[in-house]
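**Q** how would this look folded up:
(chains A and B)
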Amino acid sequence: MAKITINGVEQAVEDGLYLIEAARRCGVDIPHYCYHPGLPVEGNCRMCSVEVEGIPKLQTACTTIVQDGMVVITDSEKVVGERSDVMEFLLRNHPIDCPICDQAGECGLQDYYMEHGLHDSRITVSEKVKKKKRVDLGPNVVLDSERCILCTRCVRFCKDVVGTEELVIKNRSNHAEITTFPGKGLVNPYALNTVDICPVGALTSRKFRFQCRVWYMKNATSICPGCERGCNIWIDHHENKIQRLRPRLNPDVNNYWMCDEGRLDFHWINDDRVLRAEGPDGLMRPDEADRAVLALLSNPGDVLIVASPRSTNESLFALKRFVEVALPGAALTGGSFRPTGDDDGFLRLPDKNPNSRGMREIGIAGDLENRLNGSAGVVLVFENDLLGDRPDLESVLAGKKVVAFTSNRTATARGADLVVPVTTYAELNGSFTNHAGLRQEFRSAIRPPGDSRSVFDVVKSLSGLLGKELGWESETALTKEMTDVITGWGVRVEEETELHAG
Amino acid sequence: MMIGVKKIGKPMDIKERSYLFEIARGMMTSIRHFIRNVLNQGAMPTLQYPEEKRVLPERFRGRHRLMQREDGTPRCVACFCCQTACPADCISIEATERDDEGEKVAARFDINILRCVFCGLCVEACPCDAIRMDTGMYELADTNRENLIYDLNTLLRH
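**A** Purely as a prediction, here's the structure:
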């Protein structure tokens, strides 16, 4: 431990920390642009300059390592003046086009100008150096060179985090700008993280560009369902539509990052949803749908229930209880035919289902293919697109009555005799257990569209019609029992502390 | 709890109870206006609307219009400032990219005039002077609600 004095208060901090991080832990925020806790330090923006006793010139807090007995002042006249001057330099060529800039509302320049700048500009708009407003760096990222303050966070991300080194700064002084190497694009599968870490509006996401102003959006904590890594994410939504997904800091899982594949895979939640239950005779109310399902369950021995590793732990646990209590004799199986990917050594993992481990630990057998080829005449498919993933199963399912509990109009839903809408992960409180056995909870972001119900509500209603009790008043009771029963699933305490997000 | 009745004031005298004098006293205001209007008809405040119309004050806030650039395209850059400022939530915008210089432009710009409270905050919020309320149009009644949601083209044409 090192003892340092920040603004007259003596505090003990860990050895080896950079001053900016040490100060943050002591509750003193030092403004910064180029420093990002997930990237190597560079010290080029000069915004974090502070006074260190014994050193005549101001020091950048992001490159200075704490030493025992260090005396630091972050709010002296000299430091405050330096910040204002640095802001003036950074805004020298900035176009101040906040009205059309997507970053407006979460922009480092806006925030720090109000906090530390507030100078009158000495540069007229016509004196500013004009650069390209729209450069396609790659398929997902668009660059506005004028807005860039050359902090090189994006360059360092590509170099040191992904290791692909696509970005570089070309030219000097007023004409310096971010670019890719000739003939190359920003094509790495994590490219959109550069948009997150860009402290200004220079890098924008092609998909999110101009879609929604950031101040309209509300956010919910969630878990990416794209693979078994279970990256922690924010769901940003507006008017009950998901607008974008952003990574949420979790040092144990995904740190500050997430892959583009997971980030862009949310349009299925907004579009093409099943809103009403559909049977052979047309649309049905939820209670009519439940009775229609019930009519197929007269002989439990003939029923096969297919669970999915895309369902939440809570849904799977409720489903298992439903089979045990209300439908003894019916077969319960789980699994997925989703094509697997590669383990790229960073975040993406081969299994493209978020909850395969959870399903295994809950005790749902994965003998899906054998069971489907068995003799069961009625198949209830929960959140599993069997036909979409394996079109050749059509002949197997042809002779069977298929009930699809699904959120979207999948191939399975189109081939089913009965379709019942259920919620997606974005409309549920629940949890996924990732490949390492970490049970991660998430909160519902938006309201379920149409008649969509959670799997818990569906099986509760079905068992009620069968005259059986699942034994839980609410989902909270279910979660409690589940975490008590399954080893190592004790309720994870949600970290409410605001982790340093850059 | 019982509600008690308490009589206050003095009882009415015979003059008040006859009502005649009181009515005449009350009619004095009307009679005074009547005589004044008959003698000086030019100063009468009543207008024969809709044949006659009031002269509007210079800063009267009427129906909105969207301004055009010199090349005829909308000045609006779809910054959503008006939509954000609107207390009645009557503006809805969808943004898209301009083909030429990569700037933002409104793909859809609807004002639901049924909701509008004509406060003028949208005009104040606009950084481009793209929306104004100086058309002086206030006769906006229609027989159909859909017609009262003005789109980009209607607002650009004034």
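**Q** Just name whatever secondary elements the biggest helix by length in chain B is in contact with.
**A** When chain B is parsed with DSSP state H, its longest helix is helix B:20-39. Of the remaining helices and strands, none touches helix B:20-39 by 3 or more C-beta pairs under 8 Å, 6 or more residues apart in numbering or on different chains; DSSP states H and E. Glycine gets a C-beta too; all of them are placed from N, C-alpha and C.
**Q** Pull the distance from that helix to the chain's centre.
**A** Relative to its parent chain, helix B:20-39 has a centroid offset of 33 Å by C-alpha atoms, centre = their mean, to the nearest Å.
**Q** Contacts for it next, please.
**A** B:15, B:16, B:43, B:44 (C-beta atoms under 8 Å, 6 or more residues apart in numbering or on different chains).
**Q** for that helix, what is the average pLDDT?
**A** Mean per-residue pLDDT for helix B:20-39: 90.
**Q** buried sites along that helix?
**A** The neighbour-count check on helix B:20-39 (16 or more other C-beta atoms under 10 Å in any protein chain shown) flags nothing as buried.
**Q** residue closest to the middle of chain B?
**A** With distances taken as C-alpha atoms, centre = their mean, residue B:118 lies nearest the centre of chain B, 5.3 Å away.
**Q** which residues touch the helix or strand of chain B with the lowest mean pLDDT?
**A** Within chain B, no helix or strand scores below helix B:14-18, which has a mean of 85 by mean pLDDT, DSSP states H and E. The contact list for helix B:14-18 (C-beta under 8 Å, 6+ apart) reads B:21, B:22.
**Q** any idea what sits nearest the residue nearest to the centre of chain B, other than its immediate chain neighbours?
**A** residue B:61 (5.0 Å; C-beta to C-beta, 6 or more residues apart in numbering or on different chains).
**Q** What is the burial count for the one you found?
**A** By the measure other C-beta atoms under 10 Å in any protein chain shown, the count of residues near residue B:61 is 19.
**Q** any idea which element it lies in?
**A** Assignment of secondary structure by DSSP states H and E places residue B:61 within no helix or strand.
**Q** Double-check it against residue B:131; I have them as touching.
**A** No. With contact defined as C-beta atoms under 8 Å, residue B:61 and residue B:131 do not form a contacting pair (11.5 Å).
**Q** Spit out the residues that contact the two alike.
**A** Counting by C-beta under 8 Å, 6+ apart, the residues touching both residue B:61 and residue B:131 are residue B:123.
**Q** so where's chain A shaky on pLDDT?
**A** Along chain A, segments meeting pLDDT under 70 span A:490-502.
**Q** Can you tell me which residues in it are near chain B?
**A** Residues of chain A lying near chain B by C-beta under 8 Å from any C-beta of the partner chain: A:98, A:99, A:100, A:133, A:134, A:144, A:209, A:210, A:211, A:213, A:215, A:216.
**Q** leaving aside the residues next to it on the chain, what's closest to the third one?
**A** Take residue A:100 and drop its neighbours on the chain: the residue closest to it by C-beta to C-beta, 6+ apart is residue B:104, 4.1 Å away.
**Q** Could you count how many residues lie near that neighbour?
**A** With other C-beta under 10 Å as criterion, residue B:104 counts 21.
**Q** beta partners of the most centrally placed residue in chain A?
**A** Geometric centre of chain A, nearest residue: residue A:233, 2.4 Å, by C-alpha atoms, centre = their mean. Residues in a beta bridge with residue A:233, per DSSP bridges, are residue A:222, residue A:247.
**Q** if we can go back for a sec, list just the nearest of the contacts of helix B:20-39 to residue A:114.
**A** residue B:43 (55.2 Å; C-beta to C-beta).
**Q** coming back round to it: so what secondary structure elements neighbour whatever helix or strand comes next after the longest helix of chain B?
**A** Next along the chain after helix B:20-39, taking DSSP H and E as the criterion, comes strand B:65-66. Applying 3+ C-beta pairs under 8 Å, 6+ apart, one finds that strand B:65-66 makes contact with strand B:131-132, helix B:152-157.
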